[in-house]
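> got a predicted structure plus its sequence, pasted below:
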Amino acid sequence: MPILDIVKYPEPVLSEPTKPVESFDAGLRELAADMVATMHAAPGIGLAAPQVGRTERLCVLDLSVGENEDELLILVNPRVVEEQGNVREEEGCLSFPDLMIIVPRPERVVVEAQDLDGNPIRVEGEELLARCLHHEIDHLDGVLFIERVSPLKRDLARRKIKRRIQAQDW
Ligand code: NI
């Protein structure tokens, strides 16, 4: 399972909506396995296909970062079908190295998706899992976490990133 390169902001692929997966084939399994390996190596708790330069509607999550295989989620064609509450917490993103910002997200979400065989699955998440599910599904819609904060904070984050890119620290 090769470790894939993680695409960083502002690569355009990160802002493009993904395409629904229609073929539940060996290629999809291989991509999912490579994404899990890449997420664990980073290390991170979630990774969406655009972050490895792909356009499939696919994301992987593991709050245990490889410690507990029951916590690994591979979600094909996921969508949020219910959300409740609103919590502001600090979060990061593997496409924004070492940038933490406070982002409002639902406290609880219900997600419907498919597994690698195309079977329907339903995941309920609260707190950190809800945050991570919402963040990864945003990626699949081409939405980045800096777009979930106020224009002022977004501007500050963009300026910080620009300085780091100029300093080759990105
Ligand atoms: Ni992210």
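Done, it's in. Numbers count the residues shown, from 1 in each chain.

> you'd agree Ile102 is up against Val149?
Yes. If you go by CB atoms under 8 Å, Ile102 and Val149 touch, sitting 7.3 Å apart. Using the backbone N, CA and C atoms, a C-beta is placed for each residue, glycine as well.

> quick check: which ranges of this structure have low pLDDT?
Along the chain, the model assigns pLDDT under 70 to no residue.

> all strands for it, in order.
46-48, 58-62, 72-84, 87-93, 96-105, 108-114, 120-126 (DSSP state E).

> identify the residues contacting the most centrally placed residue in the chain.
Centroid-nearest residue in the chain, with CA atoms, centre = their mean: Glu136, separated by 2.8 Å. Shown in contact with Glu136 (CB atoms under 8 Å, 6 or more residues apart in numbering): Gly46, Leu47, Ala48, Cys59, Leu61, Leu75, Pro78.

> give the residue farthest from the middle of this protein.
Largest centre distance within the chain, by CA atoms, centre = their mean: Ala167, 26.4 Å.

> which other residues reach stretch 157-170?
Lys8, Tyr9, Pro10, Phe96, Pro97, Leu99, Ile101, Ile146, Val149.

> and for the second one, the neighbour number?
It stands for Tyr9. 20 (other CB atoms under 10 Å).

> for Ala49, see how far away it is.
16 Å (CB to CB, to the nearest Å).

> Asp155 versus the residue nearest to the centre of the chain, what's the distance?
Where Asp155 is concerned, Glu136 sits at a distance of 25 Å (CB to CB).

> write the PyMOL selection for whichever of the contacts of stretch 157-170 are buried.
PyMOL command restricting the contacts of stretch 157-170 to the buried ones, with burial defined by 16 or more other CB atoms under 10 Å:
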select buried, resi 8+9+96+99+101+146+149
